[in-house]
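> model this:
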Amino acid sequence: MAKTKRLQFLEAMLRWMSTVVIKKYRPDIVGISGSVGKTSTKEAVFTVLSSKFRVRKNLKNYNNEIGIPLTIIGAETGGRSILKWLVVFLKWLGIIILPYKYPEILVLEMGVDHPGDMKYLTSFIPIKVGILTNISPSHLEFFRDIDHIAGEKGKLIEAVSEEGLAVLNADDKKVLAIEDKSDAEITTFGFGDSAQVRASDVDFNYTNGKIEGLSFKLNYEGKFIPVRLNYILAKHQIYSVLAAVEAGNYFKINLVDAVTSLENYLAPPGRTNLIKGIKNSFIIDDTYNSSPASAVAALEVLKELRSIRKIVVLGDMLELGKYMEKGHREVGHKVFEIGTDLFFAVGERMEAAVKEVQDLGYPLQNIFYFENPVLAGKKLQQIIKEGDLILVKGSQGMRMEKIVEEVMADPQKAEDFLCRQSGEWRKKPFVKP
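Residues are numbered from 1 along each chain as shown. Reported below is the predicted structural model:
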C-alpha cells in the first residue's frame, strides 16, 4: 500500500533530524537484523555494552522508518497529535543547541517488512557493527521468497563500514552466504565447529532440585569460558548471548567481563524467561505470542527440565486459519507425549487440544478448561504446590501474562518482567478473540 504524502513528509523530516544528531555526536552504531531473535540479541548486546559505555537501544518496539529516527533523537512518537510532534521537534532542537551527554553507542534493531526497508535505513544510518541473526520464511507477504528476504536483510551487512565488524550466524547457510558482500571484518557465532565464537556443553542448572537457568562453555580462540545464565531456559537464546559477546569484543570488552554482565540477562519479556512463582514454584513465561511450532518448542524445554510436578497452561493460538484444528491438536499431542501432570487450557480453540489429550488417554481429572486467563490464573493460584514448574504460553490476544502476574512471587515487578505492561495495555480488559 502506498504511503500517504503526510507519512512521506514525516519520514523525510525524521531522517533529516536524526542525520543531524548522528553528525553532531558521532555515536558508534550496532545494527541488528534477522528473521527471528532480533529483540533478544538487541537486549543481550545492550546488556554487555552498557556495562562499559553509555548506550541507548530502541525505545519500545521502535524498529522501523519512524521508530529508529525517534530512538536516535530520544523521543517518543507524536502519534496523531501535532502538539506532541512539536514536542519531538523541540527536544531535537535542544539536543542540537544545548550541551547534552549523548550515548556513545546506539544498539538498533532494524526491522524489514517490505523490500527496500533496509536499504532506506542504511542510507542515513552508518553501521559500525552489523549482526545478522538468521534468515527464515517470516514476513513473506511482501517478498517473493526466502532468498528475496535474505537479500534485503543482507544489505545491513553490506552497509557495515570497512573498519567495522560483521557478525554472522555460522549455523545458518543463508546468513553465511552474505559474507562475501561485506568489506568489513567478518566473525561468526553458533554451535557448529566452524563458528569463531562457539557454544558447547549446554546444561541446566539446579540448586536443591530447583531449576536456576542454564550454563554452557564459550569457546573462543582456544579459550574455554564457563557461562551461566540464571534466567534463561531456551537454548536458542544462546545465539543472542554469543552475538553480544562478539559485539563486546569489538569494543574492547574482554570475554570474562562480557560473560559476567550476562549472568542475570533476561530475554525480552514473555520469551521463555524463568520467573519465581508463589509457594517456591517456578514459571516459564513464554506469553509473548504462540504458534504450533513455538508451543511445541516450549514444551520440549519443559520436557528436558527436572521438577516434582509439571503444569502446562496454554492459551489459544490465533490466526491459524484452516490449520486451527490441526495445529491445536498437534500441541495437545505434545502435551500428552511429554508427560505433564496437569493441563490448563484457555480459550475455545484450545478445546481441540483438550480433545486430543482425552483421545490419547490423559486423565480427565488433570485437565482444567477456562474461557479466559483471569479465571485460569485464580484456579492455578489455588492448586500450585512447592516445587511446581509451570509453563504459560498463548497468543498475544489471549493475554496469558495475566496468569503469570497472578502466580508470580513478586507481582510488584510485573512491569519489569512481563510483556504488555504499558499503561495502555494494562487498561485493556481481556476480550475474547
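> now do the contacts for residue 248.
By Cβ atoms under 8 Å, 6 or more residues apart in numbering, the contact list for residue 248 reads 45, 48-49, 255, 257-258, 261. For every residue, glycine as well, the C-beta is placed using N, CA and C.
> swap in 7 Å and give it another go.
48-49, 258 (Cβ atoms under 7 Å, 6 or more residues apart in numbering).
> that one and residue 262: what is the separation?
9 Å (Cβ to Cβ, to the nearest Å).
> what sits in contact with each of these two?
Common neighbours of residue 248 and residue 262 (Cβ under 7 Å, 6+ apart) are residue 48.
> pLDDT weak spots in the chain?
1, 138-140 (pLDDT under 70).
> pop the domain breakdown of this structure in here.
Domain ranges of the chain: 5-261, 273-427, per automatic domain parsing.
> reformat the ones you listed as JSON lines; add distance to residue 267.
Converted to JSON lines, the domains of the chain look like this (distance: least, Cβ to Cβ, whole Å):
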{"stretch": "domain 5-261", "distance to residue 267": "5"}
{"stretch": "domain 273-427", "distance to residue 267": "6"}
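> from residue 222, how far off is residue 333?
From residue 333 to residue 222 the distance is 45 Å (Cβ to Cβ).
> these two: which is more packed in?
Between residue 333 and residue 222, counted using other Cβ atoms under 10 Å, residue 333 has the larger neighbour count: 16 against 5.
> who's in contact with the closest residue to the more buried one other than its chain neighbours?
Spatial nearest neighbour of residue 333, chain neighbours left out: residue 356 (5.5 Å); criterion: Cβ to Cβ, 6 or more residues apart in numbering. Going by Cβ under 7 Å, 6+ apart, residue 356 touches 329, 332-333.
> just to be sure, residue 356 is in a helix?
Yes: counting by DSSP: H, G, I helix; E, B strand; the rest coil, residue 356 falls inside a helix.
> please renumber the chain so that the first residue is 21 from this point on.
Got it, the first residue is 21 from now on, which makes the last one we talked about residue 376.
> quick one, helices of the stretch 121-270 of the chain?
Shown for the stretch 121-270 of the chain, the helices assigned by DSSP state H, counting those that start in this stretch span residues 137-142, 166-173, 175-179, 193-196, 257-270.
> same question, the stretch 321-453 of the chain
Going by DSSP H, counting those that start in this stretch, the stretch 321-453 of the chain shows helices at 344-357, 371-379, 393-403, 421-427, 434-437, 443-447.
> elements contacting the third one?
Here helix 393-403 touches strand 329-335, strand 362-366, helix 421-427, going by 3 or more Cβ pairs under 7 Å, 6 or more residues apart in numbering; DSSP states H and E.
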